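> return a 3D structure for these sequence lines:
(one chain, ligands or ions: 1)
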Amino acid sequence: MASLEEIVQLAKKRGFVFPSSEIYDGCAGIYDYGPLGVELANNIKQQWWSSMVRKRQDIVGLDAGIVMHPSVWEASGHTTGFTDPVVVCKKTGKRYRADHLLEDAGVAADERMSQEEFCAIFEQHKEKIQVCDPDDLGTPTFQNLLVSAGIGEGEVYLRGETCQGIYVNFKQVLDSMHMKLPFGIAQIGKAFRNEISPRQFLFRTREFEQMEMQYFCHEDTSSEHFAAFLASRQEALVALGLRKENLRVTEHKNLVFYASAASDIEYHYPFGWKELEGVHDRGTYDLTQHALHAKERLTYFDQDRNEHIVPAVVETSIGVGRLFLALLADAYAVETLDDGTERTVLRFKPSIAPMQVAVLPLFRREGQQRIAHRIVEDLAKHVSAYYDDTGAVGKRYRRADEIGTPFAVTVDHETEENETVTVRDRDSMKQDRVAIEDLASYVNERIN
Ligand code: ATP
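Next up is the predicted model:
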């Protein structure tokens, strides 16, 4: 597997991801998606939306605002409980996530512990910490992760997670869409967290996108739905191209008081096994909290049972950036070819590749260029295609490999005679000769 460094370099060089505001020395924990990155991210989101919403009759979509009434975050417990322990090195002034320092030292520090319990464990195991002299580390303090902003007259929060927008719209969706239990609401959108030490590239950022789905069901069926979503989400990740052996499930041992089950789907990143997606059985907590604070009835009328019930919630939650990084890491390969040269290739599944077809005139001849442009225009109706006539064709193949383009179409002298082109396969590097009129269906078939 490639190192994180190599992935970051390729991502920048080939227009996937740039550090934010780089001409002003950057902005910690924020990244910009470049021309190819935005294509890949859009493909990831489209596939999630298609499998979560379009292909299901029991899940509908939502796009709530990033800014919500500040009471939302009081009700959810975020204003008080959404904290991470931070510890400062007295010598260097560097700030660290205290729980991560313990984790690196092999001490299980649970985010669900009380602050007092956590500080006691930290004191007890401090000696094992390697990043600096343990005596220079003070006592952990707890930093709230909500990002605040001013809007109009008042102070608001930028949402720390997208799911709160789903809970507060539960009644509106239920009534307007006449939903029957069980049903889900799915949403893709930005979330913001004041992460103490944003690091590991797209893995931990201060601004990121989440794809979340909240499934409302009878409390006595939630464990069934939980198991089904845990399985289907792993299948979906494999279908997107992640290797099975790089995925595993870790069950949470200690649960927050209201949850009855929680598991992380972890990916084997270049820096170790880390949470990619969370699947949680959250019980009736969320709707109960908002009903209490908003003084609204957030219930479902069950006609069979002839009673109003508070549905339980099963949640699936994944960050677009974390998935993007996992896909890059999984796809990245450096190969030595038969002639001894090396090539870097991103082996994306063709359906998510940011660019699916490169169209290359063999020579910069007017006739070949004209045909190549015509092919791009035609293919672009079905797939993402681009034109490239800069440099020798071998170099252009390498560039196409490096951004994960599964097919390279070459227009050569034969094309001018018989309207056929060669199609080079990224992985096998073998070429097929295809008639231009069959090209769209050939490519479509190979992609799907
Ligand atoms: P972690 O323990 O790694 O901080 P978390 O348990 O706080 O993650 P959740 O609150 O469950 O994460 O968020 C759901 C999903 O959102 C995560 O599985 C992850 O994919 C994504 N996510 C959370 N925080 C970040 C972040 N700072 N940067 C990028 N993605 C994130």
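> can you list the weak-confidence ranges in the stretch 51-200 of the chain?
The stretch 51-200 of the chain contains residues with pLDDT under 70 at 111.
> give me every residue in it lying close to the ligand.
Neighbours of the ligand within the stretch 51-200 of the chain, by C-beta under 6 Å from any ligand atom: 161, 193, 195. Quick note: C-beta positions are derived from backbone N, CA and C, even for glycine.
> is it possible to get CSV of these that adds secondary structure?
Converted to CSV, these look like this (DSSP: H, G, I helix; E, B strand; the rest coil):
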residue, secondary structure
161, coil
193, coil
195, coil
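> top of the residues you listed by neighbour count?
Counting neighbours by other C-beta atoms under 10 Å, residue 193 comes out on top of those with 22 neighbours.
> isn't it right up against residue 145?
Yes: between residue 193 and residue 145 there is a contact under C-beta atoms under 8 Å: 4.4 Å.
> tell me how many other residues crowd residue 258.
A count of nearby residues for residue 258, using other C-beta under 10 Å, gives 14.
> no, scratch that, I was asking about residue 420
Residue 420 has 18 neighbours, counted by other C-beta under 10 Å.
> what's it sitting at in phi/psi?
Here is the backbone geometry of residue 420 (degrees, to the nearest 10): phi -120, psi 160.
> quick one: it from the ligand, how far?
For residue 420, the distance to the ligand equals 46 Å [C-beta to the nearest ligand atom, to the nearest Å].
> show me the contacts for whichever residue of the stretch 201-350 of the chain sits closest to the ligand.
At 2.9 Å from the ligand, residue 319 is the closest residue in the stretch 201-350 of the chain, using C-beta to the nearest ligand atom. Residue 319 is in contact with 208, 209, 210, 211, 276, counting by C-beta atoms under 8 Å, 6 or more residues apart in numbering.
> okay, the last one: pLDDT?
Reading off the per-residue confidence, residue 276 sits at a pLDDT of 98.
> so it touches residue 325, yeah?
No: using C-beta under 8 Å, residue 276 is not in contact with residue 325; the gap is 9.0 Å.
> quick revisit: name the residues contacting each of residue 193 and residue 145.
Contacts common to residue 193 and residue 145, judged by C-beta under 8 Å, 6+ apart, are residue 160.
> excluding chain neighbours, what is closest to the residue most central in space within the chain?
Closest to where the C-alpha atoms of the chain average out (C-alpha atoms, centre = their mean) is residue 320, at 1.8 Å. Excluding its sequence neighbours, the residue lying closest to residue 320 (C-beta to C-beta, 6 or more residues apart in numbering) is residue 209, at 4.0 Å.
> again, but for residue 179
Nearest one to residue 179, counting by C-beta to C-beta, 6+ apart, is residue 173 at 6.5 Å.
> ok, and for the helix or strand that contains that neighbour, which residues are buried?
Assigned by DSSP states H and E, residue 173 belongs to helix 170-177. Residues of helix 170-177 classed as buried by neighbour count (16 or more other C-beta atoms under 10 Å): 170, 171, 173, 174.
> now swap in stretch 404-420 and tell me
Buried, per 16+ other C-beta under 10 Å, within stretch 404-420: 404, 405, 406, 407, 408, 409, 410, 411, 412, 415, 420.
> ditto for stretch 361-375
Across stretch 361-375, burial judged by 16+ other C-beta under 10 Å covers 361, 362, 368, 371, 372, 375.
> so the last one touches residue 407, yeah?
No: if you go by C-beta under 8 Å, residue 375 and residue 407 don't touch, sitting 11.6 Å apart.
> mind saving the C-alpha coords of stretch 75-91 as PDB?
The C-alpha coordinates for stretch 75-91 follow below in PDB (Å, rounded to 0.1, in the frame of the first residue of the first chain):
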ATOM      1  CA  ALA A  75     -31.400  19.400  22.800                       C
ATOM      2  CA  SER A  76     -29.000  17.000  21.200                       C
ATOM      3  CA  GLY A  77     -26.500  17.500  24.000                       C
ATOM      4  CA  HIS A  78     -23.800  18.900  21.700                       C
ATOM      5  CA  THR A  79     -23.300  22.200  23.500                       C
ATOM      6  CA  THR A  80     -22.300  20.300  26.700                       C
ATOM      7  CA  GLY A  81     -21.200  16.900  25.600                       C
ATOM      8  CA  PHE A  82     -19.600  17.200  22.200                       C
ATOM      9  CA  THR A  83     -16.000  17.600  23.400                       C
ATOM     10  CA  ASP A  84     -12.600  16.100  22.900                       C
ATOM     11  CA  PRO A  85      -9.900  16.000  25.600                       C
ATOM     12  CA  VAL A  86      -7.000  18.300  24.700                       C
ATOM     13  CA  VAL A  87      -3.600  18.400  26.400                       C
ATOM     14  CA  VAL A  88      -0.800  21.000  25.800                       C
ATOM     15  CA  CYS A  89       2.900  20.400  25.900                       C
ATOM     16  CA  LYS A  90       4.300  23.100  28.200                       C
ATOM     17  CA  LYS A  91       7.600  23.200  26.300                       C
END
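> which residues touch that stretch?
Contacts of stretch 75-91 (C-beta under 8 Å, 6+ apart): 73, 94-99, 101, 111, 115, 118-119, 122, 131-133, 136-146, 157, 160, 164, 167, 195-196, 286, 289-290, 292-294.
> same deal with stretch 109-119?
Under C-beta under 8 Å, 6+ apart, the answer for stretch 109-119 is 83-85, 98-99, 102-103, 121-122, 139-140, 142, 254-256.
> and the residue nearest to residue 179, how far from residue 206?
Separation of residue 173 from residue 206 (C-beta to C-beta, to the nearest Å) stands at 30 Å.
> could you work out the most separated pair of the contacts of residue 319?
Taking C-beta to C-beta as the measure, these span a maximum distance of 13.9 Å, between 209 and 276.
> of those two, who's got more company?
More crowded of residue 209 and residue 276, by other C-beta under 10 Å: residue 276, with 24 against 21.
> which residues sit in contact with that one?
237, 247, 264, 265, 266, 267, 318, 319, 322, 323, 326.
> for those, which two are the farthest from each other?
Going by C-beta to C-beta, the pair spanning the contacts of residue 276 furthest: 247 and 319, at 15.2 Å.
> sheet partners, orientation included, of whichever strand or helix holds the residue nearest to residue 320?
Residue 209 is located in strand 207-217, with elements delineated by DSSP H and E. Paired strands of strand 207-217, with direction, are strand 183-192 (antiparallel), strand 312-319 (antiparallel) (DSSP bridges).
> work out the gap between it and the centre of the chain.
Relative to its chain's centre, strand 207-217 lies at 11 Å (C-alpha atoms, centre = their mean, to the nearest Å).
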